[in-house]
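Any chance you could fold what I've pasted below:
(chains A, B, C and D)
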2 protein chains.
Amino acid sequence: MPVSKKEISPCPLDAALSIVDGRWKGTILWRLSQQPMRTSELRRSIPGITERMLIRHLQDLVRDGIIERIEELATPTRVRYQLTAYGLTLAPHLEALCAWGRIHLERTKPVNQK
Amino acid sequence: MPVSKKEISPCPLDAALSIVDGRWKGTILWRLSQQPMRTSELRRSIPGITERMLIRHLQDLVRDGIIERIEELATPTRVRYQLTAYGLTLAPHLEALCAWGRIHLERTKPVNQK
DNA sequence: GCGGCTGCTGACAACTTTGTCAGTACGTGG
DNA sequence: CCACGTACTGACAAAGTTGTCAGCAGCCGC
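Presented below is the predicted three-dimensional model:
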């Protein structure tokens, strides 16, 4: 019975990890935790991501209540994404993980060095 | 060019998340952060996991330097897994995420309530 | 020797996630 | 009108992850 990670797990750690689970979610949240951004800005700022994946992940995060979609009433329809109040409660933990990740990259690079 | 999450990403947050990425890694680390455990103890304490998956994830975590494999010199060959010193630097962040996850489950349950 | 436990591996099917491609709708500028 | 930009969707294939199943080797008790 193969199970998607997206299912609600009784393990709270898994529940938290399922939010940020996805090929690009880490990077997306990293960007959005620094500043709100528009769809196309995000796409251009994340090398390698396709628009399809970006939008799918954004919709996941909106569904989970971490970010919100805001339509700007500008001439061309522009959409801005930003962290919600709830998302802001998660952000510090991600920043802590990010700091750990920096150390991890330092530790990993010399070993994996090409 | 579909890319595995396992690749080294320049984003430190992704690098950290790639460590705990896997269907059961959250639960496994949760268990091991509380106490060292043997393979079969872990298997029995995590409902739904298969031995195959457990061992694959344990090997991933050993490779990443988060946990270590220790052969106990007991009558039947017994193997214990425990966090390394490096893994202990990650554990507090996971505990913080776990605490957030508990809040998240509380928040999610009433909505998803079946 | 047989059955049971331990820890582990390989092959392969089933499933999930991601990427590719085409297409929608709206508005702007030439 | 056509090209371009924004934001987004659907269908589908490719690639990745997980599950299933069989099997190995060592040790124990009977």
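
Contacts (any at all) between DNA strand C and stretch A:28-35?
No: if you take Cβ under 7 Å from any atom of the strand as the test, stretch A:28-35 misses DNA strand C, and the best it gets is 11.1 Å. Where C-beta positions appear, they are placed from N, C-alpha and C, glycine not excepted.

Now do the longest helix belonging to chain A: which elements does it pack against?
Determined from DSSP state H, the single longest helix within chain A is helix A:85-112. The contact analysis (3 or more Cβ pairs under 8 Å, 6 or more residues apart in numbering or on different chains; DSSP states H and E) places helix A:85-112 against helix A:12-19, helix A:25-34, helix B:12-19, helix B:85-112.

so which of those gets nearest DNA strand D?
helix B:12-19 (8.7 Å; Cβ to the nearest atom of the strand).

Need the CA coordinates for the closest one. CSV is fine.
C-alpha atoms of helix B:12-19 as CSV (Å, rounded to 0.1, in the frame of the first residue of the first chain):
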residue,chain,number,x,y,z
PRO,B,12,20.9,25.5,2.1
LEU,B,13,17.3,25.0,3.1
ASP,B,14,16.9,22.4,0.3
ALA,B,15,20.2,20.8,1.4
ALA,B,16,18.9,20.4,4.9
LEU,B,17,15.5,19.2,3.7
SER,B,18,17.1,16.6,1.4
ILE,B,19,18.4,14.9,4.5
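
Show me what it is packed against.
So helix B:12-19, by 3+ Cβ pairs under 8 Å, 6+ apart, packs with helix A:25-34, helix A:85-112, helix B:85-112.

Repeat the analysis, applying 7 Å as the threshold.
Contacts defined by 3 or more Cβ pairs under 7 Å, 6 or more residues apart in numbering or on different chains; DSSP states H and E place helix B:12-19 against helix A:25-34, helix A:85-112.
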